[in-house]
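# Next come a sequence and a model predicted from it.
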Amino acid sequence: MDMAWAALPVLFPEVAGPGRWLPLLQRHAALIEAAVGRVRVTSVPAREAIQRQYAESLELLRIVRRSTLAIPILADVGSGGGFPGLVAAIACPETAVHLVEPLQKRAALLRELSEALALENVTVHPVRAEEAGRGSLRDGASVVTARAVAGLRELLEYTAPLAAPGGLIALPKGSAFGEELADAANAAKVLACGFLAFEAMRPAVSATLGVALFRKLGPTPAAYPRRPGVPGKRPL
């Protein structure tokens, strides 16, 4: 049976004020559905969206909060329709959320969504991750996330430069993560990242996904990220 909206406050009692955030998530879902004809942001069927987009995004936040007490700044790479970035902005109004989305139509939609939902804690960056990693976000975020963007070797070069030293990188991954981690050992070392853990999501949320957690151990080396397109063509 598909998950109902009413299940979210039960699954996530630690997210205070469901009377505020649940209607905002529902409104967000309605706006995404209304935009389908002009901007493609997801392949998830609408009937599965509550679980696969909203519950999974909130579960990522729940796991992150077990490793860090506060999230003053969160950066989300490849935000698409706002998963998990806009969900985080709704659930954590005290957090400054930066959405990095290179596709201009999607970036414009993210701005529209933020305005429609009156989210004053959101900034949209319509640039590639490699550009964001050399701009004002470099070494600045307490938490960096990215969902369904790329393999781990490539993904670390997109996300690690945005994380502050001591910050957390939280990446949803599936059952093949063990192989990805072994292949990405050099990338993690070069980008000053230390692997912390792979925490499975609760079965009620996802039977297949977990969150890979890395700690940023120091400033990003000057050579990284490389030029736009290079990490995808030649992953570390």
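All right, it came through fine.

# So the residue nearest the centre of the chain versus Pro235, what's the distance?
By Cα atoms, centre = their mean, the chain has its centre lying nearest to Thr145, at 3.3 Å. Thr145 sits 19 Å away from Pro235, taking Cβ to Cβ, to the nearest Å as the criterion. For every residue, glycine as well, the C-beta is placed using N, CA and C.

# again, but for Val87
28 Å.

# neighbour count winner among the two?
Val87 (25 against 18; other Cβ atoms under 10 Å).

# ok so that one is a helix residue?
Yes. With DSSP: H, G, I helix; E, B strand; the rest coil as the criterion, Val87 is assigned to a helix.

# what's it in contact with, if anything?
Leu25, His28, Gln53, Tyr54, Ser57, Leu58, Leu61 (Cβ atoms under 8 Å, 6 or more residues apart in numbering).

# so which of those residues comes closest to Gly82?
Checking those against Gly82 by Cβ to Cβ gives His28 as the nearest, at 6.7 Å.

# my guess is that closest one meets Ser114, correct?
No. With contact defined as Cβ atoms under 8 Å, His28 does not count as touching Ser114 (9.9 Å).

# Looking at these two, which one has more neighbours?
Neighbour totals were compared for His28 and Ser114, and His28 leads with 25 against 22 (other Cβ under 10 Å).

# so that one is in which element?
helix 18-34 (DSSP states H and E).

# helices and strands around that helix, which ones?
Counting contacts by 3 or more Cβ pairs under 8 Å, 6 or more residues apart in numbering; DSSP states H and E, helix 18-34 packs against helix 7-11, helix 85-91, helix 104-116.

# what about the residue nearest to the centre of the chain, which SS state?
From three-state DSSP, the assignment for Thr145 is strand.

# quick revisit: how about residues contacting the helix holding His28?
Taking Cβ under 8 Å, 6+ apart as the rule, helix 18-34 contacts 5, 8-9, 15, 41-42, 46, 49-50, 54, 81-82, 86-87, 90-91, 112-113, 116-117.

# model confidence over that helix, on average?
Helix 18-34 carries an average pLDDT of 96.

# How about stretch 79-95?
96.

# For Ala170, find the nearest of the helices and strands packed on helix 18-34.
helix 85-91 (10.3 Å).

# can you give me how far that closest one is from the chain middle?
10 Å (Cα atoms, centre = their mean, to the nearest Å).

# try stretch 183-198
18 Å.

# Just the buried positions in it, please.
Within stretch 183-198, the residues that count as buried by 16 or more other Cβ atoms under 10 Å are Ala184, Ala187, Ala188, Val190, Leu191, Ala192, Cys193.
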